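Asker: Take this sequence and fold it.
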Amino acid sequence: MTRLALLIGLLCGPAFAATNDAGALPGLLDEMSSYTERQAWAGVERTYEKMLALEEVEIPREVHLQAAHSARALGRMDLVVRRLERAQEMERTEEETRWLSEINESFAFVELRTVPARSIELVPELMPFQPDARLSVEMAITALAGDGEFIGMLPVGNYSLGGKGFEVIAGITAHVELSTKELKAEKKREK
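Answerer: Sure thing, here's the model as predicted:
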């Protein structure tokens, strides 16, 4: 009898998992609303990731929009774009289209890294005043100071990575990769 129950459980597991996933959504929706009301953005992010992991569950459009606002509050403009696009797959509105357009005019995707990975300083020519733009720059500075890599979006403008200047231009992905040899050369030029 135990073997039969085990076999049925193994064969029917995915169907039961999908049912359980759908059953988990209302609780996660309440949890996310609670975090949003308190502006506890890390909680919003964790809850949203849990929702994305649910199988065979359609996440409501409003949840993608809440998650986009959360990402904006954290300076993660790449996530804002992705989440707005998910919301627009369900229904296109002028408000989200305008928001995406503003982001695409003011930010650009960047890939910044050192090879081999090591801490490096990112310096903006001018620190932005807008909170989401400032946060995205601060996030990049922190990431590069840690492991020497940042992949995300930065505001349009001029920057210096380990002394090497580069420009972030709307609509163009910036790839900046510095090797140890290039870093040493930049330091010599500074002296």
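Asker: What is the neighbour count of Leu29?
Answerer: Taking other Cβ atoms under 10 Å as the neighbour definition, Leu29 ends up with a count of 17. Every C-beta, even on glycine, is put in place using the N, C-alpha and C of the backbone.
Asker: Can you show me the strands along this structure?
Answerer: Taking DSSP state E, the strands of the chain run over residues 107-115, 122-124, 149-155, 157-161, 164-168, 174-179.
Asker: Of all those strands, which one is nearest Ala53?
Answerer: strand 149-155 (21.7 Å; Cβ to Cβ).
Asker: Show me which positions of that closest one end up buried.
Answerer: Using 16 or more other Cβ atoms under 10 Å as the burial criterion, the residues of strand 149-155 that qualify are 149-150, 152-155.
Asker: And this structure, what are its domain boundaries?
Answerer: Structurally, the chain divides into domains by automatic domain parsing as follows: 2-103, 105-190.
Asker: And the helices in the chain, which stretches?
Answerer: Using DSSP state H, the helices found in the chain span residues 2-37, 41-53, 61-73, 77-90, 94-106, 131-147, 180-190.
Asker: Point out the most buried one among these.
Answerer: Ranked by average neighbour count under the criterion mean count of other Cβ atoms under 10 Å, the helices of the chain are headed by helix 61-73 at a mean of 21.
Asker: Return the list of helices and strands in contact with that one.
Answerer: helix 2-37, helix 41-53, helix 77-90, helix 131-147 (3 or more Cβ pairs under 8 Å, 6 or more residues apart in numbering; DSSP states H and E).
Asker: angle of that helix against helix 41-53?
Answerer: Between the direction of helix 61-73 and that of helix 41-53, the angle (axes from the mean of the first three to the mean of the last three Cα atoms, to 10 degrees) works out to 140 degrees.
Asker: can you put the strands of the chain in a markdown table and add distance to Ser101?
Answerer: Putting the strands of the chain into a markdown table (distance: least, Cβ to Cβ, whole Å) gives the following:
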| stretch | distance to Ser101 |
| --- | --- |
| strand 107-115 | 11 |
| strand 122-124 | 23 |
| strand 149-155 | 14 |
| strand 157-161 | 19 |
| strand 164-168 | 17 |
| strand 174-179 | 20 |
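Asker: Pretty sure Ala108 is one of the things Ile172 touches, is it not?
Answerer: Yes - here Ile172 lies in contact with Ala108, judged by Cβ atoms under 8 Å, at a distance of 6.0 Å.
Asker: Can you give me the distance of the nearest residue to Glu45 once chain neighbours are set aside to Val57?
Answerer: What sits nearest to Glu45 in space, not counting adjacent residues and going by Cβ to Cβ, 6 or more residues apart in numbering, is Ser70, at 6.0 Å. Using Cβ to Cβ, to the nearest Å, Ser70 is found at 19 Å from Val57.
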